[in-house]
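Participant: Predicted structure and sequence below. I'll ask about it afterward.
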Amino acid sequence: MKPYRRLLSHLYKISLFFPECPHRRFIAGAGHDWPRTMGVLGIPIIRPGRGVLGTTIRCYSTSVETIAGEKPFDRACLQSISVKPLVLDGVDAGALEEEEEKWEDLGSEKGGNLEDLGVVEVKGREESEVEKEAWRLLNRAVVKYCGSPVGTVAADDPAMANQMLNYDQVFIRDFVPSALAFLLKGEGEIVRNFLLHTLQLQSWEKTVDCYSPGQGLMPASFKVRTVSLDGNNQAFEEVLDPDFGESAIGRVAPVDSGLWWIILLRAYGKITGDYALQERVDVQTGIRLIMNLCLSDGFDMFPSLLVTDGSCMIDRRMGIHGHPLEIQALFYSALRCARELLSGNESSTNLVRAINNRLSALSFHIREYYWVDMKKINEIYRYKTEEYSHDAINKFNIYPDQIPSWLMDWIPDHGGYLIGNLQPAHMDFRFFSLGNLWAIVSSLATPRQAEGILNLIENRWDDLVGNMPLKICYPALEYEDWRIITGSDPKNTPWSYHNGGSWPTLLWQFTLACIKMGRPGLAEKAIAVAEERLSNDKWPEYYDTRTGRFIGKQSRLYQTWTIAGFLTSKMFLENPEMTSILTCDEDLNLLEGCLCGLSKNSRVRCSRLAAKSQVLV
């Protein structure tokens, strides 16, 4: 056993016998004179146009212990903590080695390599020049707040320094591949800081027409700004300025930010062993707020999440309003992660029950109604319409003429995929990569469906991968469809940007799906295609044309999630066991048949009732 692993193993065992160590103390905050311009962790927060925010501070826990005579926030911007080496006197060396072997066996039983004890051993290999360049660029993109890293900018293109728009901000969805790259390299500080700081920005007031969103909304992005103190030009402080969509093009709130935050929180705990973070009171409250917002009752009849156009990675008008697959796959994954992360106490009982009900209904709904292959398309082709009854076959009144002509010859005999959207009298037959890949990762798709999706990608490699992986959607909207559905969007022209463009950042999610299904060769092939061009093309945001031959006409160079997606893909291939920090296995408890969907008795009530989320935090 290596010395650092031996030390960590003993530290872990010692901590089991001292559950009330000072560093685990919760500081509730009652009785402290909390500055009204500070966040929970002493984070100065700015509201657009209003300067530093004065808010009522919630009493949350903190991992920073207050020293006698020190103000609560004097140490909010700690950069490092020096720890003296642990010295064990009077311990028999033979007994020590025997004990180490026992703990190694325990680690193997729980998944191997002492991962569950917070110790991760990563295989070593000589990095290529492209990887070394990628790491230099990723480190250059790091954003610091109070001297500590808190995220990475969306893009760091020197040629566009005067036209940054919001590319100089830290986006939650964009940071996920960067966070994974840092975690896989053993650098967890930036991820921990990111999770905690974005948590403090949760549930702000949106400034569009004086309307406030639901409690629990996570921002799309934030920026570190420097402002003067009380108008004094000689004194400055750093503040976090979040954007909830009130400044975005289209003014759409990000639905996926909170879902990605929960997914990343679970991955952080699994790879670092820092489960104390997810057990903190503020983090548990943040999870509940996101879940309550997503599970709130409304007018919608479907278990899938109803959202507006532009509320996810496709953040411009592309005709995905309603129940887009991308959101449903992330929603399903976040529900499963939240169920795992929530503390097993009485206050979580009702919420966990609501999550289980929604998971069961959502999995049946997506697997049954979103899946298409040759057999299902033949059924739709022969649908009867205007059926009124509980046992109708064509439940959503889909007209057979909606089946597009391109689909007949495109879909292979031994493959299929989950369609992009489903609404009354409408099926969006476009193939959306992120939703299908994440359905595999989260086990929203059945094993047979997951195999079918990868078979489709392999059979239609030239269409979906071509000269640069991976098409964000296929096919592109053209002619009148482009004019009507996108509103003649000059950025989303056919085979560009979101309208059939190729996005290298999707590579890491493709790698995850391939490894989970035991087909890493597909991922290796796609990574090899990307590695030939990305560095020479200066790491673009996206590529244009049917096969991804051209750099996107408005593509930013040195796009951070392109860089991080490539690095993460390479590291997952090198350490495939680490994909478990993001994947979910099939949940056998969710496989019980849905009576309302399968029974001929029109009055049978579903045993998996729609999630009733009247849950109080």
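Facilitator: Arrived safely, thanks for sending.
Participant: Strands along the stretch 451-600 of the chain, start to end?
Facilitator: Ranges of strands within the stretch 451-600 of the chain are 473-474, 543-544, 550-551, based on DSSP state E, counting those that start in this stretch.
Participant: Check which helices and strands the first one is in contact with.
Facilitator: If contacts are counted by 3 or more Cβ pairs under 8 Å, 6 or more residues apart in numbering; DSSP states H and E, strand 473-474 sits against strand 431-432. Glycine gets a C-beta too; all of them are placed from N, C-alpha and C.
Participant: among the strands of the stretch 451-600 of the chain, which is nearest Ser405?
Facilitator: With Cβ to Cβ as the measure, strand 473-474 is the member of the strands of the stretch 451-600 of the chain nearest Ser405 (14.6 Å).
Participant: Ile249: what's its closest spatial neighbour, skipping adjacent residues?
Facilitator: Arg316 (7.0 Å; Cβ to Cβ, 6 or more residues apart in numbering).
Participant: So which residue is dead centre in the protein?
Facilitator: Of all residues in the chain, the one closest to the mean position by Cα atoms, centre = their mean is Trp260, 2.6 Å from it.
Participant: Name the residues of the helix or strand containing that residue that are buried.
Facilitator: According to DSSP states H and E, Trp260 maps onto helix 256-272. By neighbour count with 16 or more other Cβ atoms under 10 Å, helix 256-272 contains the buried residues 256-272.
Participant: now it, how far from the centre of its chain.
Facilitator: 7 Å (Cα atoms, centre = their mean, to the nearest Å).
Participant: And that helix, what does it pack against?
Facilitator: Partner elements for helix 256-272 (3+ Cβ pairs under 8 Å, 6+ apart): helix 172-184, helix 189-200, helix 275-279, helix 281-295, helix 325-341.
Participant: can you dump the C-alpha coordinates of the last one into CSV?
Facilitator: Put plainly, it is helix 325-341. Output in CSV follows, covering the C-alpha atoms of helix 325-341 (Å, rounded to 0.1, in the frame of the first residue of the first chain):
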residue,chain,number,x,y,z
LEU,A,325,-36.3,14.4,-24.1
GLU,A,326,-33.2,16.2,-22.9
ILE,A,327,-35.0,17.6,-19.8
GLN,A,328,-36.8,14.3,-19.1
ALA,A,329,-33.5,12.3,-19.1
LEU,A,330,-31.8,14.9,-16.8
PHE,A,331,-34.9,15.1,-14.6
TYR,A,332,-35.0,11.3,-14.2
SER,A,333,-31.3,11.2,-13.4
ALA,A,334,-31.6,14.1,-10.9
LEU,A,335,-34.6,12.3,-9.2
ARG,A,336,-32.5,9.2,-8.7
CYS,A,337,-29.5,11.1,-7.4
ALA,A,338,-31.7,13.2,-5.1
ARG,A,339,-33.3,10.1,-3.6
GLU,A,340,-29.8,8.7,-2.9
LEU,A,341,-28.5,12.0,-1.5
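Participant: what packs against it?
Facilitator: Helices and strands touching helix 325-341, by 3+ Cβ pairs under 8 Å, 6+ apart, are helix 256-272, helix 281-295, helix 349-369, helix 433-441.
Participant: Now do that helix, average pLDDT.
Facilitator: Averaging pLDDT along helix 325-341 gives 98.
Participant: what angle separates that helix from helix 281-295?
Facilitator: 140 degrees (axes from the mean of the first three to the mean of the last three Cα atoms, to 10 degrees).
Participant: and the angle from helix 325-341 to helix 172-184?
Facilitator: 50 degrees.
Participant: where does the stretch 1-150 of the chain have low pLDDT?
Facilitator: 1-125 (pLDDT under 70).
Participant: Specify the beta-bridge partners of the closest residue to Gln402 other than its chain neighbours.
Facilitator: Closest residue to Gln402 apart from its sequence neighbours, by Cβ to Cβ, 6+ apart: Met427 at 5.9 Å. Listed by DSSP bridges, the beta-bridge partners for Met427 are Leu422.
Participant: who's in contact with Met427?
Facilitator: Contacts for Met427 (Cβ atoms under 8 Å, 6 or more residues apart in numbering) come out as Ile380, Phe396, Ile398, Gln402, Ile419, Asn421.
Participant: list the contacts for the closest residue to Gly487 other than its chain neighbours?
Facilitator: Closest residue to Gly487 in three dimensions, ignoring its sequence neighbours and counting by Cβ to Cβ, 6+ apart: Arg317, at 5.5 Å. If a contact means Cβ under 8 Å, 6+ apart, then Arg317 has Gly250, Asp309, Gly310, Ile485, Thr486, Gly487, Asp489, Asn492 as its contacts.
Participant: how many neighbours does the fifth one have?
Facilitator: Read that as Thr486. 21 (other Cβ atoms under 10 Å).
Participant: my guess is it meets Gly319, correct?
Facilitator: Yes - counting by Cβ atoms under 8 Å, Thr486 touches Gly319, with 7.3 Å between them.
Participant: what touches both of these two?
Facilitator: Residues touching both Thr486 and Gly319 by Cβ under 8 Å, 6+ apart: Leu477.
Participant: From start to finish, how long is stretch 138-149 in a straight line?
Facilitator: 12 Å (Cα to Cα, to the nearest Å).
Participant: low-confidence ranges in this structure?
Facilitator: Residues of the chain that meet the cut-off, pLDDT under 70, sit at 1-125, 203-210, 591-617.
Participant: Identify, by residue count, the longest strand of it.
Facilitator: Under DSSP state E, the strand in the chain containing the largest number of residues is strand 232-243.
Participant: residues contacting the closest residue to Gly521 other than its chain neighbours?
Facilitator: Residue nearest to Gly521 in three dimensions, not counting chain neighbours: Cys514, with 7.7 Å by Cβ to Cβ, 6+ apart. Shown in contact with Cys514 (Cβ under 8 Å, 6+ apart): Leu454, Pro520, Gly521, Leu522, Ala523.
Participant: Switch those residues over to CSV; also include distance to Pro540 and neighbour count.
Facilitator: Converted to CSV, the contacts of Cys514 look like this (distance: Cβ to Cβ, whole Å; neighbours: other Cβ atoms under 10 Å):
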residue, distance to Pro540, neighbour count
Leu454, 26, 22
Pro520, 26, 17
Gly521, 26, 10
Leu522, 23, 19
Ala523, 21, 23
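Participant: ok, of these, which one's closest to Cys584?
Facilitator: Leu454 (17.2 Å).
Participant: Please look at the closest one and Pro520 and confirm they touch.
Facilitator: No - contact status for Leu454 versus Pro520: not in contact, 11.2 Å apart, counting by Cβ under 8 Å.
Participant: And the residue lying closest to Lys516 once chain neighbours are set aside, how far from Arg336?
Facilitator: Counting by Cβ to Cβ, 6+ apart, Lys516 lies nearest to Thr583, which is 5.1 Å off, once chain neighbours are set aside. According to Cβ to Cβ, to the nearest Å, Thr583 and Arg336 sit 10 Å apart.
Participant: if you count what's nearby, which of these two comes out ahead?
Facilitator: For Thr583 and Arg336, the more surrounded residue by other Cβ under 10 Å is Arg336, and the numbers stand at 23 against 15.
Participant: Relative to Glu238, how far out is the residue lying closest to Ile398 once chain neighbours are set aside?
Facilitator: Excluding the flanking residues, the one nearest Ile398 by Cβ to Cβ, 6+ apart is Met427, at 5.5 Å. As judged by Cβ to Cβ, Met427 and Glu238 stand 49 Å apart.
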